[in-house]
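Chemist: Sequence and predicted structure, then a few things I'm wondering about:
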Amino acid sequence: MKQLKHFQEIGRDFMLNRQTALLADDMGLGKTVQAAAVINKLAPKRVLVLTLSTLKINWERELKEWVTGDYKYQIIYKIKDKVEKDVNVIICNYDLIIHNEIHSQLRSLHFDVIVLDEAHNLSNKEAQRTKKVFSNSGLIRSADRVYCLTGTPIRNRPKDFYIMLKTLAPECIEPYTDYESYAVRYCGGYIDSYGSLYDRGASNVEELAERIKPFMLRRTKEEVLPELPPLIEKNIELELTEEIQKVLNEESELQEDINEYNDNEGLGVQATIRRQLGIAKIPQVIEYAQNLLQTQEKIVIFAYHRDVINELRRRLAGYGVRAILGGMTAKGKQMEVDLFIRDKNSRIFIGQFTAAGFGVDGLQKAASDIVFAEIDWVPGNMDQARDRVRRIGQINPVVAHYLVVPETLEDEMLQTVIRKGKVITRILSNTSKEKEKKTMTIENSLERIANALEKMVGIAENTELACNTCSGPTQEAPKKKSSKKKAEPTEPAPVEPVEPVAVAEVVEDTTPVPAADNSVDDLLGVDTPAETKVELTLDDVRTAFTAFIKAAPDQATGVQQAKAVLTKYGYTLVPEVKPEHYAAVINDLKVA
């Protein structure tokens, strides 16, 4: 049987000593293996693993390799599958548990352990999968132990962390357990002039980082794998070609028409320009890739839009392009990776951010250069894509090439990603220096390693964040002035010191998984039917408005009619539209 690395043993014991825990190790450090080692040590009678559809087979393979004993496994593939009650390990993907046919079967069983893999997929409180896992009737309510695994627990903002902390570790955020007080304390929150809660900022991040230590363990590659080759990042400025200039001109025209009732993003202008800019960049992306292939045997390219990827595949066909896009099966994805690795004539791999950025392993065996043909708004998606190449098994320095046109939307996006990334780093990095004075223990060793991240945090501290005395957010704040009726913040509860992790033995933790809380159901809105209702988002509304204006005889008329639809429901801006009106607004736009 294989042996764990020392840092993986510490991760295993961290989870063993807790009823609920978050293992947030960097991508590529073997979170699956550590969870498997926990299961092997506990020898539970029944385990449920929830993961992405493309990772189910990999989970079964890893568990069979690391877990001893005569265990029976079942992978749930489709809605009509019957869950076998005599199996020891059930592996299911999040997309299936939103259906009552599967959820009710799983909910009727008792699980000794539930593993929530890629747990960042449960950060959206409006998503049905989140409700099916975390609500009072959610799957975790029938488990003795719940372990979350993700390399990006905060993909975008501190608000992403709330529902997990509220449900599995409420003691870490007391007295800020209701969402408004949490948002005010940690999201730079305030009540805007429309009476809505602004929660898109960040504040008191070091305090939050300290509070979550008992619940979360995170190690980076630099900490635990000093032998891993370095990461080199290059910002490549592309030429302002005629095609790109046309896109920028159209962006200016659209902004002039809609800015009077939209705060720069309400009608999906950014989505439209982002796609057009990606297409306009293709000739320069191709030229850059071809030049890179003169010195590199193979390269990896990541992009966001399907039509950008398809055009790159078509025009680079002579390089034996392999690609992963949304909609492909797990076997299809693995086949593309295997062909890229084994076929010397396959010199380019192209991945779509969400489809190829998660759960794809093996690219590091063939390439060390990754080209970003487009930029993603979400730092976690960028990190995940980059770490498909920079992970265990890589022997060469990894070079990330970011291709952007200066002073364009993508340039702004890249800077936004950098700013968000600094905030996330400050939250996930343990910044306390006081623990260096304590007696040396395993836990203190981890603290000393974590303090090494201050080199990165020092950079992040240059970014001004909202603090206790601020009256509003310091980044991504609305451009319009608002009368801020700030909620009264409560004095922070004292943070208890973290107890050392015992490495040698498993401590019997009799503390139950946090009890069901009605406020969780209120927050998640579990009364919404999960099985018959299509889950719409604000992006769907924005897209509908954009299409509506484009279909109008002229932009002025389209904007005026769009305003009328908003006014009908009592809104003046698209971002104000509430989820309960998404479907009605979109329908009105279709029939108008």
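Modeler: That came through fine.

Chemist: and the nearest residue to residue 172 once chain neighbours are set aside, how many neighbours does it have?
Modeler: Distances taken as CB to CB, 6 or more residues apart in numbering place residue 211 nearest to residue 172, at 4.9 Å, with adjacent residues excluded. Quick note: C-beta positions are derived from backbone N, CA and C, even for glycine. By other CB atoms under 10 Å, the residues close to residue 211 number 23.

Chemist: what's the distance between residue 317 and residue 24?
Modeler: The gap separating residue 317 from residue 24 is 40 Å, by CB to CB, to the nearest Å.

Chemist: repeat for residue 61
Modeler: Look at residue 61 and residue 24: by CB to CB, they are 23 Å apart.

Chemist: now residue 108
Modeler: From residue 108 to residue 24 the distance is 31 Å (CB to CB).

Chemist: When these two are compared, which one has more neighbours?
Modeler: residue 24 (23 against 10).

Chemist: Any idea how many residues pack against the closest residue to that one other than its chain neighbours?
Modeler: Among residues not flanking residue 24 along the chain, residue 218 sits closest, at 4.0 Å (CB to CB, 6+ apart). Neighbours of residue 218 under the rule other CB under 10 Å: 25.

Chemist: So what does residue 218 look like in phi/psi?
Modeler: Dihedral angles of residue 218 (phi, psi; degrees, to the nearest 10) stand at phi -130, psi 130.

Chemist: what's the answer for the one 4 residues further on, then?
Modeler: As for residue 222, its main-chain torsions (degrees, to the nearest 10) stand at phi -60, psi -30.

Chemist: quick one: it from residue 25, how far?
Modeler: Applying CB to CB to residue 222 and residue 25 gives a distance of 12 Å.

Chemist: Please identify which of these two sits among more neighbours.
Modeler: residue 25 (22 against 16).

Chemist: Hmm, that one is touching residue 218, no?
Modeler: Yes - Residue 25 is within contact range of residue 218, at 6.1 Å (criterion: CB atoms under 8 Å).

Chemist: For residue 360, give me its contacts.
Modeler: Residues near residue 360 by CB atoms under 8 Å, 6 or more residues apart in numbering: 54, 324, 333, 337, 351, 388.

Chemist: what does residue 345 give?
Modeler: Shown in contact with residue 345 (CB under 8 Å, 6+ apart): residue 320.

Chemist: wait, is it part of a strand?
Modeler: No - counting by DSSP: H, G, I helix; E, B strand; the rest coil, residue 345 falls outside a strand, being coil.

Chemist: For my notes, confirm residue 400 occurs in a helix.
Modeler: No - note on residue 400: no helix contains this position according to three-state DSSP, which reports strand.

Chemist: which one is it nearest to, not counting chain neighbours?
Modeler: Nearest one to residue 400, counting by CB to CB, 6+ apart, is residue 233 at 4.8 Å.

Chemist: would you list every one of the helices in the stretch 301-450 of the chain?
Modeler: 306-315, 330-342, 353-356, 379-386, 409-428, 442-451 (DSSP state H, counting those that start in this stretch).

Chemist: Confidence-wise, which of these is weakest overall?
Modeler: When the helices of the stretch 301-450 of the chain are compared by mean pLDDT, helix 442-451 comes last with a mean of 42.

Chemist: before we move on, back to that, got the confidence number for the residue nearest to residue 24?
Modeler: Listed pLDDT for residue 218 reads 92.

Chemist: Quick check: it touching residue 21?
Modeler: No - in this structure, residue 218 is not within contact of residue 21 by CB under 8 Å, at 11.4 Å.

Chemist: What are the structural domain limits within the protein?
Modeler: Listed by automatic domain parsing, the domain ranges of the chain are 6-174+205-218+494-524, 231-238+281-420, 431-460, 538-591.

Chemist: The ones you listed: which one's closest to residue 194?
Modeler: domain 538-591 (6.0 Å; CB to CB).

Chemist: what number of residues lie near residue 388?
Modeler: 26.

Chemist: ok, the residue nearest to residue 400 - contacts?
Modeler: Counting by CB under 8 Å, 6+ apart, residue 233 has contacts 399, 400, 402.

Chemist: Then residue 566?
Modeler: Residue 566 neighbours (CB under 8 Å, 6+ apart): 261, 572, 573, 574, 576, 577, 585.

Chemist: So it lies in a strand, does it not?
Modeler: No - using three-state DSSP, the assignment for residue 566 is helix, not a strand.

Chemist: Over to the nearest residue to residue 173 once chain neighbours are set aside. Which of the three states is it?
Modeler: Computed as CB to CB, 6+ apart, the closest residue to residue 173 that is not its neighbour in sequence is residue 165, at 5.2 Å. Under three-state DSSP, the three-state class of residue 165 is helix.

Chemist: isn't residue 165 right up against residue 171?
Modeler: No - judged on CB under 8 Å, residue 165 makes no contact with residue 171 at a distance of 9.4 Å.

Chemist: Residue 585 is in contact with residue 567, isn't it?
Modeler: No - if you go by CB under 8 Å, residue 585 and residue 567 don't touch, sitting 11.3 Å apart.

Chemist: Which of those two has more residues huddled nearby?
Modeler: Using other CB under 10 Å as the criterion, residue 585 and residue 567 rank with residue 585 on top: 22 against 11.

Chemist: who has more neighbours, residue 165 and residue 171?
Modeler: Of the pair residue 165 and residue 171, residue 165 is the one with more neighbours under other CB under 10 Å, namely 24 against 14.

Chemist: Could you pull up the contacting residues of that one?
Modeler: Contacts of residue 165 (CB under 8 Å, 6+ apart): 172, 173, 212, 215.

Chemist: count of neighbours near the last one?
Modeler: If I follow you right, that is residue 215. By other CB under 10 Å, neighbour count at residue 215 equals 20.

Chemist: got a list of what the closest residue to it other than its chain neighbours touches?
Modeler: Nearest residue to residue 215, sequence neighbours excluded (CB to CB, 6+ apart): residue 169, at 4.0 Å. Going by CB under 8 Å, 6+ apart, residue 169 touches 20, 22, 212, 214, 215, 514.

Chemist: for residue 364, same thing?
Modeler: By CB under 8 Å, 6+ apart, the neighbours of residue 364 are 28, 388, 389, 390, 391, 392, 393, 394.

Chemist: Student question: in the protein, what's the helix or strand with minimum average pLDDT?
Modeler: helix 454-460 (a mean of 39; mean pLDDT, DSSP states H and E).

Chemist: ok but the residue nearest to residue 400 is inside a strand, no?
Modeler: Yes - counting by three-state DSSP, residue 233 falls inside a strand.

Chemist: Which pLDDT does the model give it?
Modeler: For residue 233, the predicted pLDDT is 86.

Chemist: Which stretches in the stretch 151-300 of the chain count as helices?
Modeler: 162-168, 179-186, 205-211, 221-224, 242-258, 269-280, 282-292.

Chemist: Next, format these as CSV and append distance to residue 16.
Modeler: Listed next are these as CSV, based on distance: least, CB to CB, whole Å:
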stretch, distance to residue 16
helix 162-168, 16
helix 179-186, 29
helix 205-211, 22
helix 221-224, 19
helix 242-258, 53
helix 269-280, 45
helix 282-292, 46
